[in-house]
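Peer 1: Kindly generate the corresponding structure for this input.
(4 chains)
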4 protein chains.
Amino acid sequence: MKALVYHGPGKKSWEEKPKPVVKEPTDAVVKIFKTTICGTDLHIMKGDLPTVTDGRIIGHEGVGIIDEAGSAVSNFKKGDHVLISCITACGKCEYCKKQMYSHCENGGWILGNLIDGTQAEYVRIPHADNSLYPIPAGADEEALVMLSDILPTGFECGVLSGQVKPGDTIAIVGAGPIGLAALLTAQFYTPAEIIMIDQDDNRLDIAKKFGATHIINSSNENAVKKVMTLTNSKGVDTAIEAVGIPATFELCQAIIGAGGNIANIGVHGKSVTLHLETLWSRNIIISTRLVDTVSTPMLLKTVNSGRLDPKKLITHHFTLDRIIEAYDTFENAAKEKALKVILTNE
Amino acid sequence: MKALVYHGPGKKSWEEKPKPVVKEPTDAVVKIFKTTICGTDLHIMKGDLPTVTDGRIIGHEGVGIIDEAGSAVSNFKKGDHVLISCITACGKCEYCKKQMYSHCENGGWILGNLIDGTQAEYVRIPHADNSLYPIPAGADEEALVMLSDILPTGFECGVLSGQVKPGDTIAIVGAGPIGLAALLTAQFYTPAEIIMIDQDDNRLDIAKKFGATHIINSSNENAVKKVMTLTNSKGVDTAIEAVGIPATFELCQAIIGAGGNIANIGVHGKSVTLHLETLWSRNIIISTRLVDTVSTPMLLKTVNSGRLDPKKLITHHFTLDRIIEAYDTFENAAKEKALKVILTNE
Amino acid sequence: MKALVYHGPGKKSWEEKPKPVVKEPTDAVVKIFKTTICGTDLHIMKGDLPTVTDGRIIGHEGVGIIDEAGSAVSNFKKGDHVLISCITACGKCEYCKKQMYSHCENGGWILGNLIDGTQAEYVRIPHADNSLYPIPAGADEEALVMLSDILPTGFECGVLSGQVKPGDTIAIVGAGPIGLAALLTAQFYTPAEIIMIDQDDNRLDIAKKFGATHIINSSNENAVKKVMTLTNSKGVDTAIEAVGIPATFELCQAIIGAGGNIANIGVHGKSVTLHLETLWSRNIIISTRLVDTVSTPMLLKTVNSGRLDPKKLITHHFTLDRIIEAYDTFENAAKEKALKVILTNE
Amino acid sequence: MKALVYHGPGKKSWEEKPKPVVKEPTDAVVKIFKTTICGTDLHIMKGDLPTVTDGRIIGHEGVGIIDEAGSAVSNFKKGDHVLISCITACGKCEYCKKQMYSHCENGGWILGNLIDGTQAEYVRIPHADNSLYPIPAGADEEALVMLSDILPTGFECGVLSGQVKPGDTIAIVGAGPIGLAALLTAQFYTPAEIIMIDQDDNRLDIAKKFGATHIINSSNENAVKKVMTLTNSKGVDTAIEAVGIPATFELCQAIIGAGGNIANIGVHGKSVTLHLETLWSRNIIISTRLVDTVSTPMLLKTVNSGRLDPKKLITHHFTLDRIIEAYDTFENAAKEKALKVILTNE
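Peer 2: Okay, here's the model as predicted:
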């Protein structure tokens, strides 16, 4: 089969690889129908993730069809259409029993990281019963690719951990795909005001269309001052960090109101300064989280019922064999006005 | 001033009464601008509530303007526009400190019950600081009359106690004003499916317009069977009882899924049969609640931000001096297609 | 092997049965070391549970040693000492993913009910990875038999669902083994007052030793009146029903305070009267629950650290082959002053 | 009357001051019976708190007797014995309605800070109804002085915000009075293991007596390594920071387990480094909190029922007029083996 393979920093190729097979009775092999590229994949390609080694097939998102199911797999059989979760969960370790699949002792984020991933014609999924989800008949499968990672991440790490509530005023710092996923799913809880902060006018325009009530371009406006004006100097109830650099985490601390929540989604490469000298008495909560994908069944219900339209996040389409080109587009997201790209294995 | 006065079962009159005055330093006197009639007022008029005695001015909803504020009132001053809560809260008893204002030791539901109420030109509000809410400039005051009782009741007793969550399938039994208030506010939490059950096609049509995904007329359909079909025999996640008779509570028990919540809003005059012989092992929660109106600040924010439009619930308008006529309309709600009537003190 | 077999109402025998074997890759066969008898087993023996058919081996509690583990079992291997949960959980169905193992689509309470149980020399445990728990080296294994059912039941259905909090005043109606398990585990949350109500002075004396602050023998005292005196007429914060008959559920309704919780543990054979005519406005929560055994890992930690001593609940010991005699003792619990009996497979 | 007055950094005196009087109808004047000194008072005396100005009477803890009650005070009358909360709450602002009294718009921590405090023969308490608590007849009033600040602080900021649960392994960094208050109240939730970390052997010995299961002197042991050994390299479920310097917050980050809570109690003068480069994926929660004293009613119940013995925290006694001497003792806490000192107004 063909797959996208990482060969060290800056090197990737679309090349022939052996088709995966069931190794454990709990495995399934899935024929990929559609996949996508994640911001994390770009980091991998730069060599930022030492856990990813030369020869690894990249990718942790996608939908497909069961090609082979191990003898202990009971939820799926050959021919079933499935959504692949970015998180592999054994369902039987201490963390899985606490619904903290991100820290599964036999899984977690391993796809396209410690084991071969989904940017390929086939992928082996360990612990298939707890790591795949059935796609209801008639569903728009392309839309569901957004449920592999981006929507549960925005929702769980940003919205759930940030405890967004009806009537709240929230800010989302970063209007990239993850920030927009948080924006879409924050609306599950009907906050009164949603302030979106970014430096890209195109993304802010999209945010407005997706439901932001206020947008701030922090490259040409004083974001702190504007948020304080909008909130009568009280600050926001929830600040969602969806970038992953010190400056944006700093911004969240500056705009959080007393009793508020700072929910970190961003993947940080550096430590940040925490202003306990002022925050110690402000009754705030700061949360970090690697997505658990425990919300996937709920997200499927909201998509099926038309409450959530994940397709909004898709801007570009390629056939899977044009994946190198798709990476180019995704790497130049601002210029290309790209959010998520869909790769179809035809 | 003029006021609607209860004179025993079946007897009411629009008559002259002394204008109320501040009696305690924590009192305020409010000039009524707009008020409405509650289903409970009809019960009072029939003589169903022994706590309401001859001579009582009825009514516990409304908006108005502070006419006089006691010396210890600090949140309001003469001329302020205010929303009157149906629940009076002292803010300093054991129950108020637990945010259970409904059981306030110095208040609770007393307006138009134990003390004179709002269907009058003026009303005295005890513990004004905790029992009135400021109306933001520019707000649609008529819409806010729905926040005195009906919307916090539907929301707190039905939606909050019923723990409605994104993706859930819920049923609301009863499409009267309270059930519709639950329907509107349930959508704060984005359930996937909302099944509305009533026996009045007009109200079910309104429910559909208000966001119900399914409607069932239980007078000509088998509601249990239909709900079970809609839910693949699993039953609903939350069943909200918004009628107050044994049959509707029975229905809630028949359609509740394992792990589900039955949230009672209805005012019951009789005991009901609880089927513990089947429910003991079904992991369900049944809640009862007299509205606390703790959600009023949140509801004000959702109205101000346009997330909730309470005016949808208003079907008829009268001047306050035509209140007897308004009662007639409201008593014949089905025939008149009436939900809530607004009475304006011009 | 030898096992206790049900042969229809009133008929049981200790007889030879085939030793169970691994049938599915997720099964394990456990050699029983110690088991016990549950009140439910007595109901089975009377013929009250139609799901239990002639020929069934009874019992759903115990500790033992893995004799054989299926190929897909990864948490356990031959020779491991294990605690058997009364609830079988597949770990991969909709309900297991919600931690509602009681309603597992492939398990639930099946041991000694739909499949052969633990009152035998060996037992087959389906879905072993999620239905067994490792016993730490050095643990008192006899004590852990109380963690198969009785302690998670008292804790989850009574204490957790009843939301017992520090400083609360709670009442437990029924001082049998389950009520006492609720008493022991309620103390995890440090309620201020624990009122134990029963009709057996011996059990009430035990309750006092186990930490009850007040005891009421409802056969010779007016329990409602006494509770109201103890609570300054406010009623209790939580009432735990641990009997399962209408009279005790009635009592819980009579003593519950405004804002309180009635947590039902009892297995009810009949419906009860729910006094919504008074409770509708009292802001109460009623919960029912079949134990999920999700708290087993936590309970193991409290036992290991010496915070909980389950052995207090054990009053009698027999060798497994004397199980018929043990049933006699347990059936005459009041006379024999029996709580839990331990059967050892020597 | 006599009072302890701050006269700028390093200068304090026990001097004559006018006896306070009721200024607002919601005020009460309390005759101090017993008071104490807080670590914060030492900071004030050093000049660390610019909000405290020359001439201010210090102190925010104590018990006493109502000497005069304003006309709008309804919970108390002259002669009532009361507990003074360190936090003044109006009960009617936005924050009070959310039970976040610490941020009361008309109060918060003002006693002995923005208004005159309790280290005096009399003190004026604004918003008396919500800022004082009745002392039950027969209570040990001296013990209750610990409920003015230290116990609610340890409990709310450490234990509640840290979400301590039965069976948990927790660490408390800092065995001063606040850390010990967290230790005592953490046991309300029955954690399995409580690791106490400090650099003072005397305090660690006390911690052991108060219920710590493990003690670590971080001046001569590698605390991180030892905690990791004790927790099988998993880290703790909750780390409570009770010192307020970067090193101890750093330690909390190093020992927190995946999915854990870091609850900050310490008053920090400097910012700290937050290691998001590792913590971003660890699913942790960090909380800060200025005590709200919402738990005071609950704490009173636990003391009254004998579940909590606050007197353990008292090591020294003085008459109020010897307060300068008491400060000397408290400033040399390690040498004097002092925890809390009681000052009695005889």
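Peer 1: for the stretch 151-300 of chain A, what spans make up the strands?
Peer 2: A:169-173, A:193-198, A:214-217, A:236-241, A:256-264, A:272-274, A:285-288 (DSSP state E, counting those that start in this stretch).
Peer 1: tally of neighbours for the nearest residue to residue A:4 once chain neighbours are set aside?
Peer 2: Distance criterion Cβ to Cβ, 6 or more residues apart in numbering or on different chains; nearest residue to residue A:4, sequence neighbours excluded, is residue A:119 at 4.0 Å. C-betas here are computed from N, CA, C, even on glycine. Under the neighbour criterion other Cβ atoms under 10 Å in any protein chain shown, residue A:119 is assigned a count of 32.
Peer 1: Residue A:52 and residue A:113 touch, don't they?
Peer 2: Yes: in this structure, residue A:52 is within contact of residue A:113 by Cβ atoms under 8 Å, at 5.7 Å.
Peer 1: any common contacting residues for these two?
Peer 2: Taking Cβ atoms under 8 Å, 6 or more residues apart in numbering or on different chains as the contact rule, residue A:52 and residue A:113 both touch residue A:44.
Peer 1: check whether stretch A:167-177 contacts chain B.
Peer 2: Yes: judged by Cβ under 8 Å from any Cβ of the partner chain, stretch A:167-177 comes into contact with chain B at A:167, A:168.
Peer 1: May I have that stretch as PDB, with CA atoms only?
Peer 2: Taking Å, rounded to 0.1, in the frame of the first residue of the first chain, the C-alpha atoms of stretch A:167-177 are listed here in PDB:
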ATOM      1  CA  GLY A 167     -24.800  33.500  29.900                       C
ATOM      2  CA  ASP A 168     -21.000  33.500  30.200                       C
ATOM      3  CA  THR A 169     -18.600  35.800  28.500                       C
ATOM      4  CA  ILE A 170     -15.700  33.800  27.100                       C
ATOM      5  CA  ALA A 171     -12.600  34.600  25.100                       C
ATOM      6  CA  ILE A 172     -10.800  32.200  22.700                       C
ATOM      7  CA  VAL A 173      -7.200  33.100  22.000                       C
ATOM      8  CA  GLY A 174      -6.300  31.700  18.600                       C
ATOM      9  CA  ALA A 175      -8.700  31.300  15.700                       C
ATOM     10  CA  GLY A 176      -6.900  28.400  14.000                       C
ATOM     11  CA  PRO A 177      -8.800  25.100  13.400                       C
END
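Peer 1: Any residue of it touching chain D?
Peer 2: No: using Cβ under 8 Å from any Cβ, stretch A:167-177 stays clear of chain D, with a minimum separation of 12.0 Å.
Peer 1: So what's the gap between that stretch and the chain middle?
Peer 2: Between the centre of stretch A:167-177 and the centre of its chain there are 15 Å (Cα atoms, centre = their mean, to the nearest Å).
Peer 1: Let me see the mean pLDDT of it.
Peer 2: The average pLDDT within stretch A:167-177 is 98.
Peer 1: in the stretch 1-150 of chain A, which spans are helices?
Peer 2: Assigned by DSSP state H, counting those that start in this stretch, the helices in the stretch 1-150 of chain A fall at A:39-46, A:94-97, A:128-131, A:141-144, A:150-152.
Peer 1: can you list those in CSV and add mean neighbour count?
Peer 2: Compiled in CSV, the helices of the stretch 1-150 of chain A are given as follows (neighbours: other Cβ atoms under 10 Å in any protein chain shown):
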stretch, mean neighbour count
helix A:39-46, 18
helix A:94-97, 20
helix A:128-131, 26
helix A:141-144, 21
helix A:150-152, 27
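Peer 1: how about a markdown table for these, with mean pLDDT and distance to residue C:280 added?
Peer 2: Listed next are those as a markdown table, based on pLDDT from 0 to 100; distance: least, Cβ to Cβ, whole Å:
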| stretch | mean pLDDT | distance to residue C:280 |
| --- | --- | --- |
| helix A:39-46 | 94 | 52 |
| helix A:94-97 | 96 | 38 |
| helix A:128-131 | 98 | 42 |
| helix A:141-144 | 97 | 44 |
| helix A:150-152 | 98 | 39 |
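Peer 1: would you turn those into JSON lines with distance to residue D:166?
Peer 2: Below are the helices of the stretch 1-150 of chain A laid out as JSON lines (distance: least, Cβ to Cβ, whole Å):
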{"stretch": "helix A:39-46", "distance to residue D:166": "37"}
{"stretch": "helix A:94-97", "distance to residue D:166": "16"}
{"stretch": "helix A:128-131", "distance to residue D:166": "27"}
{"stretch": "helix A:141-144", "distance to residue D:166": "39"}
{"stretch": "helix A:150-152", "distance to residue D:166": "30"}
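Peer 1: Same list (these) but as JSON lines, adding distance to chain C.
Peer 2: Below are the helices of the stretch 1-150 of chain A laid out as JSON lines (distance: least, Cβ to the nearest Cβ, whole Å):
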{"stretch": "helix A:39-46", "distance to chain C": "25"}
{"stretch": "helix A:94-97", "distance to chain C": "7"}
{"stretch": "helix A:128-131", "distance to chain C": "4"}
{"stretch": "helix A:141-144", "distance to chain C": "18"}
{"stretch": "helix A:150-152", "distance to chain C": "14"}
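Peer 1: ok, whichever residue of the stretch 1-150 of chain A sits closest to chain D to chain C distance?
Peer 2: Using Cβ to the nearest Cβ, residue A:103 is the residue of the stretch 1-150 of chain A that sits closest to chain D, at 4.8 Å. In this view, residue A:103 and chain C are 15 Å apart by Cβ to the nearest Cβ, to the nearest Å.
Peer 1: before we move on, what about residue A:132?
Peer 2: 10 Å.
Peer 1: And for residue A:54?
Peer 2: 30 Å.
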